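Engineer: build me a model from this:
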Amino acid sequence: MNQPTSKLRTPLNLHCRSLPPHPPPKTAPRDLAQWLTDVATGRCSVAEAMANLANPVPQSLADPSDPAGPTADRPLETTAHVTLDLDRQRRCGFPEVIYGDGKPPEMMIEIIRRQQHAGQPSFATRVAPQAADSILTAIPQARFNPLSRTLTAGIPGQPQPLAASGPDPTAQKFPHHVAVITAGSTDAPVAEEAIETLHWMKIPFRSFDDIGVAGPARLIAAVPALRQASAVIVIAGMEGALPAAVGGHLCVPVFAVPTSVGYGATLGGLTPLMGMLSSCASNVAVVNIDAGFKAAYLAGLVARPIDER
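Structural biologist: Numbers count the residues shown, from 1 in each chain. Below you'll find the model as predicted:
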């Protein structure tokens, strides 16, 4: 984010751990409607909805120094070293994402509070465990995934893949969704970041684990199910051959993620990156090394229903 050029009416001290008390929580009609929808569609349980309605995050985290909240006339909120874009959800469909690597916990806490006050779900990537501990202490409603190093707040439930209801999953009609494929189990942290991103975007997904090219029969067996997806994410290290093999079987976009998994000649992910960029499969596009978030965001935009864009 750029250096701010203006200041809030009441300056904020991001280096102070003590925070002023917040007003009593209130449930807005839109929050109630969202939770009822999530229960009806199976996104969360009745018990979880009741717990969150009893202590809703957006209102309970409201900033008492700014009771009016953000408005269309004031889409940017500035604090020390941060200019928060609260209008991004209106323009781009999704709120601003917090890149946590190198950010002090106090800064991320303040960003999350601002987003929650605006009624926006918060999503942070590359969050260190120590920083997550501080954030969870200040915002108990948040959830940290240590495998993906992501932190969310104001998002109901946990990621759950679409499940087949019968013995033959290829005969089942699935909604628009994204398939997340890993070449090996060591690619799981990147896949988990992609899955958490899809959950934040409210995009359904299915997982296909450990089907790399070292065992081609595993991929062939998964192809009928993969053909039901609206977009596919392929996560692979080593020589990075899997995305091209997957792309040759499908008629949807394939977003390839090179990982830093492999021995010395993989050069920390550069070898699979160059291999994926050189793919002859025309439906394969490549993102940065270990960038599960970026691949999931692009795939989610493809799978997102047109009437929600």
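
Engineer: all contacts plus neighbour counts: C-alpha atoms, from now on.
Structural biologist: Noted.

Engineer: give me the residue at the spatial middle of the protein.
Structural biologist: Compute the mean C-alpha point of the chain, and by C-alpha atoms, centre = their mean the closest residue is Thr197, 1.7 Å away.

Engineer: before we move on, which element is it in?
Structural biologist: Element membership of Thr197, judged by DSSP states H and E, is helix 188-201.

Engineer: the helices in this protein, which residues?
Structural biologist: 29-40, 46-54, 57-60, 88-92, 105-117, 129-138, 188-201, 216-226, 242-247, 270-277, 292-303 (DSSP state H).

Engineer: now mean pLDDT too, for the ones you listed, in TSV please.
Structural biologist: Listed next are the helices of the chain as TSV, based on pLDDT from 0 to 100:
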stretch	mean pLDDT
helix 29-40	68
helix 46-54	68
helix 57-60	39
helix 88-92	85
helix 105-117	91
helix 129-138	95
helix 188-201	96
helix 216-226	92
helix 242-247	95
helix 270-277	96
helix 292-303	95
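
Engineer: only the buried residues of stretch 174-187, if you could.
Structural biologist: The neighbour-count check on stretch 174-187 (16 or more other C-alpha atoms under 10 Å) flags 174, 176-184, 186-187 as buried.

Engineer: out of the residues you listed, which one has the lowest pLDDT?
Structural biologist: Note: of those, the lowest pLDDT belongs to Phe174, at 80.

Engineer: got the contact list for that one?
Structural biologist: Phe174 sits next to Gln228 when contact means C-alpha atoms under 8 Å, 6 or more residues apart in numbering.

Engineer: any idea how far it lies from Ser230?
Structural biologist: Computed as C-alpha to C-alpha, to the nearest Å, the Phe174 to Ser230 distance reads 10 Å.

Engineer: in CSV, list the helices of the chain along with distance to Leu147.
Structural biologist: What follows is these, written out as CSV (distance: least, C-alpha to C-alpha, whole Å):
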stretch, distance to Leu147
helix 29-40, 25
helix 46-54, 23
helix 57-60, 24
helix 88-92, 27
helix 105-117, 19
helix 129-138, 10
helix 188-201, 5
helix 216-226, 25
helix 242-247, 23
helix 270-277, 22
helix 292-303, 12
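
Engineer: now for the helix holding Thr197, which elements pack on it?
Structural biologist: The contact analysis (3 or more C-alpha pairs under 8 Å, 6 or more residues apart in numbering; DSSP states H and E) places helix 188-201 against strand 122-125, strand 150-153, strand 178-182, helix 292-303.

Engineer: could you dump those to JSON lines with distance to Cys280?
Structural biologist: Formatted as JSON lines, the helices and strands packed on helix 188-201 follow (distance: least, C-alpha to C-alpha, whole Å):
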{"stretch": "strand 122-125", "distance to Cys280": "32"}
{"stretch": "strand 150-153", "distance to Cys280": "33"}
{"stretch": "strand 178-182", "distance to Cys280": "19"}
{"stretch": "helix 292-303", "distance to Cys280": "19"}
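
Engineer: most tightly packed of the ones you listed?
Structural biologist: Among the helices and strands packed on helix 188-201, ranked by average contacts under mean count of other C-alpha atoms under 10 Å, first place goes to strand 178-182 (a mean of 27).

Engineer: quick one, it and helix 292-303 angle?
Structural biologist: Angle of strand 178-182 versus helix 292-303, following axes from the mean of the first three to the mean of the last three C-alpha atoms, to 10 degrees, is 150 degrees.

Engineer: how about residues contacting strand 178-182?
Structural biologist: With contact meaning C-alpha under 8 Å, 6+ apart, strand 178-182 is reached by 188, 191, 194-195, 203-212, 226, 229-236, 299-300, 303.

Engineer: let's see 7 Å
Structural biologist: Strand 178-182 is contacted from outside by 191, 204-211, 226, 229-236, 299-300, 303, using C-alpha atoms under 7 Å, 6 or more residues apart in numbering.

Engineer: got it, and stretch 127-136?
Structural biologist: Contact partners of stretch 127-136, identified using C-alpha under 7 Å, 6+ apart, comprise 100-101, 105, 109, 142, 144, 146, 149-151.
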